[in-house]
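> one predicted model, sequence on top.
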Amino acid sequence: EKQEDSVKEDEASVTVEEAKADTKLAKKEPSVIETEVDIEEELEGEEEEIGKKKKRHRYFYNFLKPCEYSCHIPFIVNWRLFLSMEKYIYRNKLRQLPLQVDKKEFQFLQVCNESLYWLIFAKRVVKVTNKTVMKYYLIKSYTKKNVVNWDLLKPVKHERNILKMTKFPFIGHLEFYFTDEKRIYFGFPFIAGQTLRAYLLEEIRLDEQLIKFYTTQLILALEYLHYLNIIFRNLKPENILIQPNGYIKLIGFMKAKFIKCRTFTQCITLEYSAPECINRLSGYGFSVDWWALGVNIYEMGAGFSPFHCGIEEKTANRILNGVYKMPVYFSYELKHLLKQM
């Protein structure tokens with residue numbers, strides 16, 4: 001009887017240990033790089049969560065009803081090897097032009113008129129393995145007149161060349177382009193979601209675990225661009241798109257540029273500018289993107305910019321002198337990270 005009792009106790013301890021291990025695995029944070037992610041599969045059975053996400057992104061979900069949505073994130077084992085292979089592919093793409101298509105292939109569904117460009121939701125029929133499939137796209141369109149009058153020819157060319165050559169899970173990718181008599185059109189695969197700015201307006205500030213998750217993806221995206229000698233110069237919440245599955249897409253590459261060492265162009269939004277951008281004495285390099293990342297991390301945690309005060313001169317002085325205040329609810333680790341950046 002004593003032996004049977006000891007065996008039962010051992011079995012009970014094993015089951016308790018297994019239960020603890022299962023709970024640890026369940027509480028484990030989501031990895032930045034997964035093999036395949038699909039929001040409906042991830043949240044299967046959790047109708048309330050799906051309802052909240054659909055309400056938050058209701059416009060995009062309504063638009064996406066006729067088509068399938070999934071996000072494929074590659075599993076990267078060796079980051080350095082991946083970057084070196086991407087650089088090789090990128091060099092080959094330099095000799096190629098993006099795919100040109102005919103405007104007649106597309107049906108424009110809705111046009112959002114921005115100050116500088118149009119955002120067009122469109123669809124077209126595509127043949128895939130002897131089947132016709134309806135595909136949806138987001139098309140960015142500039143008028144040729146504005147491009148010439150506002151001296152935007154170089155930035156628009158940079159945007160086209162960079163987006164056609166980069167293909168990374170956390171960066172938007174140019175799939176095709178076409179022109180007509182009056183306009184230039186850049187076509188991207190349709191991505192459901194909303195910008196980080198819109199998300200901050202809803203949530204005010206984010207939880208630090210969520211900040212860590214988004215920051216990890218931004219670091220990978222910036223390191224990928226810098227490895228290809230591309231400086232982004234436009235990192236702000238308006239250009240960080242959050243998809244319904246929680247992963248980000250970096251958009252807004254009009255200010256991006258190929259550089260070898262340093263550049264002197266002043267085009268970065270003041271609140272996200274590094275001190276070397278404001279001085280304009282010796283130029284600046286890739287470090288300005290890391291400074292902007294620090295400002296974005298602060299803004300995600302606090303809900304407001306660290307240097308903004310409403311007056312440009314005062315904002316510039318605060319940046320040059322490093323004058324800002326840390327909210328009391330920031331953790332020690334977050335404060336330490338921001339001080340180092």
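Sure, I can see it.
> tell me the secondary structure for the residue nearest to I184 when sequence neighbours are not counted?
In this structure, I184 finds its nearest non-sequential neighbour in Y142, 4.9 Å apart by CB to CB, 6 or more residues apart in numbering. (Glycine included, C-beta is placed from N, CA and C.) Under DSSP: H, G, I helix; E, B strand; the rest coil, Y142 falls in the strand class.
> repeat that for I319.
Classification of I319 using three-state DSSP returns helix.
> gap between it and L337?
18 Å (CB to CB, to the nearest Å).
> and the residue nearest to I184, what pLDDT?
Per-residue pLDDT puts Y142 at 92.
> neighbouring contacts of the strand or helix carrying F186?
Here F186 is covered by strand 183-189, with elements defined by DSSP states H and E. By CB atoms under 8 Å, 6 or more residues apart in numbering, the list of residues contacting strand 183-189 from outside reads 101, 103, 118, 120, 122, 137-144, 147, 156, 159-160, 163, 172-179.
> what number of residues lie near L220?
19 (other CB atoms under 10 Å).
> please report phi then psi for the closest residue to it other than its chain neighbours.
Nearest residue to L220, sequence neighbours excluded (CB to CB, 6+ apart): F170, at 6.2 Å. Torsion angles at F170 (phi, psi; degrees, to the nearest 10) stand at phi -110, psi 20.
> do I have it right that F170 meets I251?
No: counting by CB atoms under 8 Å, F170 stays clear of I251, with 10.5 Å between them.
> who's more crowded, those two?
F170 (23 against 19).
> give me the distance between that one and L320.
For F170 relative to L320 (CB to CB), the value is 31 Å.
> and P155, by the same measure?
27 Å.
> more neighbours: these two, which one.
A count of neighbours by other CB under 10 Å puts P155 above the other of P155 and L320, at 19 against 15.
> circling back: for I319 and L337, indicate the residue with more neighbours.
I319 (22 against 17).
> can you tell me how far the nearest residue to the more buried one once chain neighbours are set aside is from G193?
Sequence neighbours aside, F307 is the residue nearest to I319 in space, at 5.2 Å (criterion: CB to CB, 6+ apart). Applying CB to CB, the value for F307 to G193 is 28 Å.
> same question, E223
Separation of E223 from G193 (CB to CB) stands at 22 Å.
> the two - which one has more neighbours?
A side-by-side neighbour count of E223 and G193, using other CB under 10 Å, places G193 first with 20 against 14.
> number of nearby residues for the closest residue to the more buried one other than its chain neighbours?
The shortest distance from G193 to any non-neighbouring residue, by CB to CB, 6+ apart, is to Q243 (4.2 Å). Q243: 19 surrounding residues under other CB under 10 Å.
> and M165, by the same measure?
Around M165 there are 21 residues (other CB under 10 Å).
> what's the answer for N234, then?
When neighbours are counted by other CB under 10 Å, N234 registers 20.
> the helices in the stretch 101-250 of the chain, which residues?
Counting by DSSP state H, counting those that start in this stretch, the stretch 101-250 of the chain has helices at residues 144-149, 153-165, 196-203, 208-227.
> list the helices and strands the longest one packs on?
Helix 208-227 is packed against helix 79-93, strand 240-242, strand 248-250, helix 287-302, with contacts defined by 3 or more CB pairs under 8 Å, 6 or more residues apart in numbering; DSSP states H and E.
> okay if I get these as JSON lines plus mean pLDDT and distance to I184?
Shown next, in JSON lines, are the helices and strands packed on helix 208-227 (pLDDT from 0 to 100; distance: least, CB to CB, whole Å):
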{"stretch": "helix 79-93", "mean pLDDT": "66", "distance to I184": "20"}
{"stretch": "strand 240-242", "mean pLDDT": "92", "distance to I184": "22"}
{"stretch": "strand 248-250", "mean pLDDT": "93", "distance to I184": "21"}
{"stretch": "helix 287-302", "mean pLDDT": "96", "distance to I184": "27"}
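> and these as a markdown table, adding distance to T265?
Shown next, in a markdown table, are the helices and strands packed on helix 208-227 (distance: least, CB to CB, whole Å):
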| stretch | distance to T265 |
| --- | --- |
| helix 79-93 | 23 |
| strand 240-242 | 22 |
| strand 248-250 | 20 |
| helix 287-302 | 11 |
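> among these, which is nearest K131?
K131 lies closest, by CB to CB, to one member of these: strand 248-250, at 27.6 Å.
> what's the following helix or strand after the closest one?
From strand 248-250, the next helix or strand downstream (DSSP H and E) is strand 257-258.
> tell me how far that next one lies from the chain's centre.
Taking CA atoms, centre = their mean, to the nearest Å, one finds the center of strand 257-258 at 18 Å from the center of the full chain.
> on that earlier part again, could you dump the helices of the stretch 101-250 of the chain into TSV with distance to Y247 added?
What follows is these, written out as TSV (distance: least, CB to CB, whole Å):
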stretch	distance to Y247
helix 144-149	32
helix 153-165	18
helix 196-203	12
helix 208-227	7
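> N239: which of these is closest?
helix 196-203 (8.4 Å).
> buried residues of the closest one, list them for me.
Buried residues in helix 196-203, counted by 16 or more other CB atoms under 10 Å: L196, A198, Y199, L200.
> do the same with stretch 292-312
Buried residues in stretch 292-312, defined by neighbour count with 16+ other CB under 10 Å: 292-302, 305-307.
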